[in-house]
Each structure stands twice: as structure tokens, then as C-alpha cells.
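# quick one, what's the 3D model for this:
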Amino acid sequence: MKPFFSVIIPTYNSANLIGDTISSVLDQTFSDFELIIIDDGSTDNTKKTVLSFNDNRILYKKIENFGGPSKPRNIGISLSKSDWICFLDSDDIWILNKLEFCHKYINRETDFIYHDMLIIGNKFFNRSKYIRGRQLTSPILNDLLLNGNCIANSSVVVRKKILNKVGNINESRKMIASEDYNTWLKISLISEKFTHIPLVLGNYLDNSNGISKRDFYNPFRESTLEFVNFLNKEEKIIFDHILERGNIKNNITKGSITLLDGKFYKFIFSKKFDFILKYRFTGLLFLVFIKSLTNKFLKK
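Next comes the predicted model:
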């Protein structure tokens, strides 16, 4: 008898984190699932940690290192027995009744389910932060492109046949860190049966060394290029501005900024600009100002 859910966890060198992730799945109040863990060539004790769990619902497979989660996820999908796929990153965790909640939302009018996540790890002024989803409006493709990706990968429950119809997850290395967004966009072209559960059903680790903290602009741009032609002329202009802001924000985060660029200042003081980055930028300008005064003083 096949399980109701197939939970897929791609992992790489996560021996110190994946234990809690696995426990959060095995302890679920809804227990009819299989847990498929695809190890992307880890060199630490990840395998030992996974095999320390004695549960026949776990399938562990180690592959040659690919360097991103798309291929491990696709292998997990190919090995899955269920009609419903649940994605979970190896450093995130679910609350104990996450699957139970999601199961209640499954019906003929639903192909894709997602929920809110609490961001843990790095906190600014000790303030809780969340990945807040929203109920997407039709056309869902346009909503996702113009209003942003509100879907956390570790919150997604999706019909396997829908994933198969869109060719599963794109394995292009140019999309690493944004291949999930590309997948949601592809799915939105064949189904608008997206359901948002307005509850926090998991924790997302804000990992400063994670893949998502690398260059995020180019993967984002690559993941959206094939869908731009579905937008009308006015929408394309809006999306071009989104790309421009994303590029500037990416340059700020990486530290490669041009202080004499007028577009840069316009973006910094726009309402769309993240408060934390404004704070960091203000601090940077202050340091530049102090350094300038110091140099003038030393010359005297």
C-alpha cells in the first residue's frame, strides 16, 4: 500500500542540522508518509546521522555531488510512491501537525498547497520574521512575477502528476537558488489550483552560508526569462523595474555598489527597499564619511 505523502529532503554536509529536520518529520501526527533523503555527495557525517534513525519509512540514497538541490529533488520524485510530494530543506523543520493540516486541505480543487514559515536564526533587534504567503489571484503566473514569490519551498505540498507534467525541477546550474520559483511558475501555467494555508507550520533557517545567500539576481532572472512573454506591455515595464531593483539590491548585498549611481540612491530611499539594508547602507555611508574626514585631518 502506497503512502499518502512522499517527503523529499535533499541534503549536503548537514550532519549538524538534518537530525532535527528528520525528527520533525518522523514525529508528525499524520504518519502515513515515506521520507526520501537524497544526499548530494556529503563529505561529513550526514550519512551516519541519517542512518542513526531506525524507521522503515526512511529511504536514503547518496549520489555524486551535483552542487544544488534540483537534481537530488528530482531523484527523490522519481523514487517516490505517493501521489503527493512534500518538499523540505535539510535545515528547516515542520511543526508536529503540519502534514495533518495539509491533508485536510486536499481535495479535487487543490493541486498545490503552501503555508507560512517562521524565520529562525539571524534576528534583527530580536524581532520575529516570517515568510508570509498569500492566496494568489488569477492569473497566478502574473501574480507570482509581479508581486513576488511568496512560496517557501519547505512549505509546499504538490500533486506528483503536476510536477511530472512540467518536467519536474529544472536542473540548470544557472538557476541554483531559484529553481523552486521557476517550478511554481511552470505549474501556474497548467493549474491555478493553488491553496494557501494562513498558518505558520514550519521554521525556515536563515543560514548566512546557505545557497540562497549567494548571488540571487542572476538565478532569479534566469528562472523568469521564459515567462516574460506572457505579460502585456505595461506588465513587462513593471517587471523590468523589478529586475532593476533586484540587481541593485544584489550589488548592495555583495558590497559591489557604485555610490555615484543615481539609480542606486533612488532605490535606496524607495519604499520597496528593505529596512535592514537601509540600516547597513547608512552605516556604510557613515564609515565612508569618517574615513574621508580622517584622511583630511592626516593631510593637515
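# tell me the SS of Thr49?
Look at Thr49: counting by DSSP: H, G, I helix; E, B strand; the rest coil, its state is helix.
# test my guess that it contacts Thr11.
No - using Cβ atoms under 8 Å, Thr49 is not in contact with Thr11; the gap is 9.4 Å. C-beta: built from backbone N, CA, C; applies to glycine.
# which neighbours do those two have in common?
Common contacts of Thr49 and Thr11, defined by Cβ atoms under 8 Å, 6 or more residues apart in numbering, comprise Ile18.
# ranges for the strands of the stretch 101-250 of the chain?
Secondary structure of the stretch 101-250 of the chain, counting by DSSP state E, counting those that start in this stretch: strands at 112-124, 127-131, 157-159, 194-206.
# which stretch among these comes nearest Glu234?
Ranking the strands of the stretch 101-250 of the chain by their distance to Glu234 (criterion: Cβ to Cβ) puts strand 194-206 first, at 23.9 Å.
# OK, contacts around Asn142?
With contacts defined as Cβ under 8 Å, 6+ apart, the neighbours of Asn142 are Phe230, Leu231, Glu235.
# my bad, should have said Leu59
With contacts defined as Cβ under 8 Å, 6+ apart, Leu59 is in contact with Glu34, Leu35, Ile36, Ile37, Leu79.
# please check these and keep the buried ones.
For the contacts of Leu59, a burial check counting by 16 or more other Cβ atoms under 10 Å picks out Glu34, Leu35, Ile36, Ile37.
# reformat these as CSV; add pLDDT.
What follows is these, written out as CSV (pLDDT from 0 to 100):
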residue, pLDDT
Glu34, 98
Leu35, 98
Ile36, 98
Ile37, 98
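# what about these, which are in strands?
When strands are assigned by DSSP state E, the members of the buried ones among the contacts of Leu59 inside them are Glu34, Leu35, Ile36, Ile37.
# ok, Thr49 and Thr11, which is more surrounded?
More neighbours surround Thr11 than the other of Thr49 and Thr11, with 26 against 19 (other Cβ atoms under 10 Å).
# between the buried ones among the contacts of Leu59, which is nearest Lys249?
Distances from these to Lys249 were compared by Cβ to Cβ; the smallest belongs to Ile37, at 33.7 Å.
# and Ile197, how far from Asn218?
Here the distance between Ile197 and Asn218 works out to 32 Å (Cβ to Cβ, to the nearest Å).
# typo on my end, Asp27
Relative to Asn218, Asp27 is positioned 39 Å away (Cβ to Cβ).
# compare these two (neighbour count), which wins?
The residue with more neighbours, out of Asp27 and Asn218, is Asn218; 17 against 12, by other Cβ under 10 Å.
# got a list of what the residue lying closest to that one once chain neighbours are set aside touches?
The shortest distance from Asn218 to any non-neighbouring residue, by Cβ to Cβ, 6 or more residues apart in numbering, is to Lys174 (7.0 Å). Contact partners of Lys174, counting by Cβ under 8 Å, 6+ apart, are Asn218, Pro219, Glu222.
# low-confidence ranges, this protein, go.
Along the chain, segments meeting pLDDT under 70 span 122-127, 208-214, 252-300.
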